[in-house]
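Visitor: missing the sequence, but the structure's below:
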């Protein structure tokens, strides 16, 4: 019998959340289409956000010699006069490749790609305005997923020119590396770019009205990041509010002047405005279907990613924190499963966070502040990279791996890492957390030598030593050799 709908699932937005929702539904045998207003797929994920910024970071690490300065000295670099074009060559190559991969994945799963801007007619109907020829048509879908993502928030009183006063979305199109920069907003994106440009020798001032950076990250890890930023000559202006940003003519040419509520005035070559992201929902006509976004145009959803209208789902950055590509993909998959009555299992409490500052940070599970507030008795175990042979080999002697576990039982509660490879190393701890393991797993496990993963064993022994008296120390269970073959 012919369906009353053109599609079983229609997705708006082709970023990581939308792509994964579409592919999951297609694998369930559903008729699926994606509307993307850009000429290319991938959304901010591939075109202006995750992929460009992380590739830019790798180019900075390589050309600046940052990774091996601990061995060859602070003056070492692969290239002396690094230009923005040097950094973007690598970025452009990776972006082109990822665009091809993303498009191919959708097409080989039978997902129809439509280059159009979508808006609601009713809860099951969408008007598609073609980006190429301006034509319009209406389609009907049983389920609709909103994965429109976000754009950098812009203050209407600031004259952004995309060159000297810019947002993170403008960085991939930037044409010069300034000698000085002010970064307004010390969230994840602001902190990442501040540390990148500082590694290139740019005099960076990081401004935020909050009193600490990254308040969802373990305080000791943040303190370590602050130390590294200051070592790279970053000036932190925390507890300061920006009242105005303007271009001014000086004896040295056109500069950016930043006015603070405290009366301070900062003059730099460039200002990066990074005070968060705004949901790209203004053109969806959400009011037609009764979906009410918040003040930042983000969409509120329930635990199944449904909006107020049950057949309309929202996933990815458009629903807010944590706004990570990895979590967005999982949200898209789970939304598609729920939409068609398929049980999808996930462990959102154990989603890892990766922050690509220099040095990088990755965490999973609970931190000390959360456990203290909850009244949980815990202990910590730490491994400094300088204690690990691999740390010396790669030139990272300042990294830190920290385990947080329940006092007495050794149940692992959280893992917090700052240093080279943190976002890769975190998955070992994530796996142990997922099966409810404790720190004796790390003690009984043999890690390849020399590797940074050895830090888990070092941290586990350190934590057990910290527990003090023998009766407080967890038992170290011997490995059953017969069971392991």
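Guide: Thanks, I have it. Owing to the predicted nature of the structure, the values given are computational and were not obtained by experimental measurement. Residues are numbered from 1 along each chain as shown.

Visitor: hey, let's count contacts and neighbours off CA atoms from now on
Guide: Noted.

Visitor: can I see the domain layout of this structure?
Guide: According to automatic domain parsing, the chain comprises the domains 7-151+278-348, 165-275, 359-484.

Visitor: any low-confidence regions in this structure?
Guide: 1-2, 469-485 (pLDDT under 70).

Visitor: run the chain-centre distance for stretch 191-207.
Guide: 18 Å (C-alpha atoms, centre = their mean, to the nearest Å).

Visitor: which residues are contacting it?
Guide: For stretch 191-207, contacts defined as C-alpha atoms under 8 Å, 6 or more residues apart in numbering pick out 57, 60-61, 64, 66, 82, 177-186, 190, 229, 232-238, 240-242, 355-358.

Visitor: any chance of the domains of the chain in JSON lines, with mean neighbour count and distance to residue 157 too?
Guide: Shown next, in JSON lines, are the domains of the chain (neighbours: other C-alpha atoms under 10 Å; distance: least, C-alpha to C-alpha, whole Å):
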{"stretch": "domain 7-151+278-348", "mean neighbour count": "19", "distance to residue 157": "16"}
{"stretch": "domain 165-275", "mean neighbour count": "19", "distance to residue 157": "8"}
{"stretch": "domain 359-484", "mean neighbour count": "18", "distance to residue 157": "34"}
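
Visitor: those: which one's closest to residue 159?
Guide: domain 165-275 (7.1 Å; C-alpha to C-alpha).

Visitor: what about the closest one, distance to the chain center?
Guide: Here domain 165-275 is found 19 Å from its chain centre; the criterion is C-alpha atoms, centre = their mean.

Visitor: just give the closest residue to residue 392, not the sequence neighbours.
Guide: Counting by C-alpha to C-alpha, 6 or more residues apart in numbering, the nearest residue to residue 392 once its immediate chain neighbours are dropped is residue 386, at 6.1 Å.

Visitor: from the contacts of stretch 191-207, which land in strands?
Guide: 180-184, 235-238, 242, 355 (DSSP state E).

Visitor: mind picking the two most distant members of those?
Guide: Maximum distance among the ones in strands among the contacts of stretch 191-207 (C-alpha to C-alpha): 24.6 Å, for 242 and 355.

Visitor: helix, strand, or coil at the nearest residue to residue 311 once chain neighbours are set aside?
Guide: Closest residue in space to residue 311, ignoring its immediate chain neighbours: residue 143 at 5.0 Å, by C-alpha to C-alpha, 6+ apart. The three-state assignment at residue 143 reads strand, by DSSP: H, G, I helix; E, B strand; the rest coil.

Visitor: compute the distance between the residue nearest to residue 82 when sequence neighbours are not counted and residue 360, please.
Guide: Spatial nearest neighbour of residue 82, excluding adjacent residues (C-alpha to C-alpha, 6+ apart): residue 63 at 7.3 Å. Using C-alpha to C-alpha, to the nearest Å, one gets 17 Å for the distance from residue 63 to residue 360.

Visitor: same thing with residue 237?
Guide: 21 Å.

Visitor: try residue 60
Guide: 13 Å.

Visitor: again with residue 430
Guide: 17 Å.

Visitor: residue 404 too?
Guide: 19 Å.

Visitor: equivalent analysis for residue 340, please.
Guide: Taken as C-alpha to C-alpha, the span from residue 340 to residue 360 is 38 Å.

Visitor: which residue packs closest to residue 443, ignoring adjacent ones?
Guide: Nearest to residue 443 is residue 457, by C-alpha to C-alpha, 6+ apart, at 5.3 Å.

Visitor: doesn't the one you found fall inside a helix?
Guide: Yes: judged by three-state DSSP, residue 457 forms part of a helix.

Visitor: my guess is it contacts residue 449. True?
Guide: No: in this structure residue 457 lies outside contact range of residue 449 using C-alpha atoms under 8 Å: 11.8 Å.

Visitor: before we move on, the earlier item: if I read this right, the residue nearest to residue 392 contacts residue 399, doesn't it?
Guide: Yes: using C-alpha under 8 Å, residue 386 is in contact with residue 399, at 7.4 Å.
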